[in-house]
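Engineer: predicted coordinates and the sequence they were generated for:
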Amino acid sequence: MRVYLDNNATTRMDSEVLEAMMPFLTEEYGNAFSLHLFGRETGKAVLDSRIKIAQLLGVKPEEIIFTGSGTESDNIAIRGVAKAYRNRGNHIITSMIEHPAVKNTFKDLEQDGYEVSFIPVDKNGVVDLKELEKLIRPETILISVMHANNEVGTIQPIKEISEIAKSKKVLLHVDAVQSVGKIPVLPKELGADLLTFSAHKFYGPKGIGALYIRQGVRVAKVITGGGQERKLRPGTLNTPAVVGMAKALEIACKSCDEDIRREEELRDYFEKQILEKVPEVVINAKETKRLPGTSSVTFKYIEGESMLLSLSYSGIAVSSGSACSSDELQPSHVLLAMGIPHELAHGTLRFSLGKYNTKEEIDYTIEQVTKIVEKLRALSPLWNEIKK
C-alpha cells in the first residue's frame, strides 16, 4: 500500500482543477497582457480568476496579486513593506516559529540594517501576546506572524495580534500558506494588511502563489521588470496556474466544513491509536487549536530520520519537519522554540492528512508505525537501559 501523509508539504491536484487548466495549456495560449484577441481571451480568464479568488476571500480583486509561490509572496510583502516604510523606522518583528520563507527573509533584512525582534511561543507554539506588545517600539513598521504552523499545525490568534498592531499603527503580514483552503480565512476579518497563500497546498497547481495587499498599504518594488501585477511581480503570468488556483480555492471553500470534519476525525483516531499502542509518545500542540489534518508526534528514544526512511520503505510518506528544510540535520527550530529538548525534537515526525486519505490508510500507518518503533527501539542502547 502507498500512503501519502505529507499534505502540508504539497497536495495531489484535484482532477477538476486539471480539467479547468487544460484549455490554457493547449489552445488558449496567448499572453494575458497582449492586446490582440489571443491575449484578450487569456486576459479575461486571469481577470475572472482574480475576481473569483477575491470573492472567496472577501476582498477586492485589485487587492490580489499573483506570484510564483508562497515564498515569493512572503518576500514581496516583507521586503516591499520594509523598503516602502524605511523612512518611518527600521524595526520589524516576527515569531520564533516562522517558515524559512519568512524567517530567512528577516535574517537577510537584518544584514541590510533592519533591527529584528522575535516573539517567543509557549509549549503549544502559540505566540506570547504580552511579549509582542513589549517588543513594539516607535520605529516598528511591520509584524509578520503565520496563521497556522506548517510543522505542528498551531493556529495563531491573528485577530488579537492585529488589534495590537493597529493600536500601535504597525502593519501586519500573515503567512497563510498552510491555512487558506484548509480552514476559513477572510483577511479583513483577521485584520491582516498583507496575506500570503499558495495553490499547491489546497489541491491546486504548483508554481503559483498570491498575495493580498490591503488597499492603501504601500509596497515598494523588490523585483524589477515590466508592469505586470501592479509592477510588484513583473513577468509573464502563468495563466493555466492562475485558472487552476481559482478553481482549487472554489472547490476547497465549498467542501471546507466536510473536509475539516473528516480530517479531524481521522487525525484524532490516529493519535488515539498511537498513544494506546506505542509507549513514550507525545503529541505536540495537542492542547491548542490546530489545523485539522496535522499531527506532530514525538517518539522518544528514536531518530526521526530512521523512522521516516523505514516508513518510506513501507510505502508511507511523512515528514521530519518543514519540507523546505527536511534535508537538514539540525532539529526543527519550531520544536526547539516550543521548549522541546534537542534529543526529542530529533525523534519527531509530522503526519499531515488530506482530503484523499482513508481510514484504511490510517489503519495501515498505525500498524507500520507500531512495528517500526518496536524494531528501532530494540536497537537503542538507551531504550534497553531504561527498560531494565
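Structural biologist: The structure has been received and is ready for your questions. Treat the numbers as computed from the prediction; the structure is a model and nothing was measured. Numbers count the residues shown, from 1 in each chain.
Engineer: how about the helices in the protein?
Structural biologist: Assigned by DSSP state H, the helices in the chain fall at 15-25, 37-57, 70-84, 100-111, 129-135, 158-167, 187-190, 239-254, 256-277, 304-313, 333-337, 342-345, 359-378, 381-387.
Engineer: closest to Gly225 out of these?
Structural biologist: Of all these, helix 70-84 sits nearest to Gly225, with 12.7 Å by C-beta to C-beta. (Each C-beta comes from the backbone N, C-alpha and C, glycine too.)
Engineer: chain center to stretch 111-123, what's the gap?
Structural biologist: 19 Å (C-alpha atoms, centre = their mean, to the nearest Å).
Engineer: equivalent analysis for stretch 370-382, please.
Structural biologist: The chain centroid and the centroid of stretch 370-382 are separated by 32 Å under C-alpha atoms, centre = their mean.
Engineer: got the contact list for it?
Structural biologist: With C-beta atoms under 8 Å, 6 or more residues apart in numbering as the test, stretch 370-382 has contacts from 274, 277-278, 299, 301-303, 306-307, 310-311, 314, 383-384.
Engineer: okay, buried residues for it please.
Structural biologist: For stretch 370-382, burial by neighbour count (16 or more other C-beta atoms under 10 Å) applies to 372-373, 376-377, 380.
Engineer: so among those residues, where is pLDDT lowest?
Structural biologist: Ranked by pLDDT, the buried residues of stretch 370-382 bottom out at Ser380 (75).
Engineer: what does that residue show for phi and psi?
Structural biologist: phi -90, psi 120 (degrees, to the nearest 10).
Engineer: how about Val185?
Structural biologist: phi -130, psi 120.
Engineer: wait, it sits on Ala148?
Structural biologist: No: when contacts are counted by C-beta atoms under 8 Å, Val185 is not listed as touching Ala148 (9.3 Å).
Engineer: spit out the residues that contact these two alike.
Structural biologist: With C-beta under 8 Å, 6+ apart as the test, Val185 and Ala148 both reach 176, 179.
Engineer: that older thread, got the buried residues of stretch 370-382 as CSV, with distance to Leu47 columns?
Structural biologist: Output for the buried residues of stretch 370-382, formatted as CSV (distance: C-beta to C-beta, whole Å):
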residue, distance to Leu47
Ile372, 51
Val373, 53
Leu376, 54
Arg377, 58
Ser380, 59
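Engineer: nearest to Lys166, of those residues?
Structural biologist: Using C-beta to C-beta, Val373 is the member of the buried residues of stretch 370-382 that lies nearest Lys166, at 47.5 Å.
Engineer: how about the helices of the chain in CSV, adding distance to Glu287?
Structural biologist: Shown next, in CSV, are the helices of the chain (distance: least, C-beta to C-beta, whole Å):
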stretch, distance to Glu287
helix 15-25, 36
helix 37-57, 30
helix 70-84, 28
helix 100-111, 24
helix 129-135, 17
helix 158-167, 18
helix 187-190, 23
helix 239-254, 27
helix 256-277, 13
helix 304-313, 22
helix 333-337, 15
helix 342-345, 17
helix 359-378, 22
helix 381-387, 26
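Engineer: nearest to Phe197, of those helices?
Structural biologist: Ranking the helices of the chain by their distance to Phe197 (criterion: C-beta to C-beta) puts helix 70-84 first, at 6.7 Å.
Engineer: alright, that wraps it up for me.
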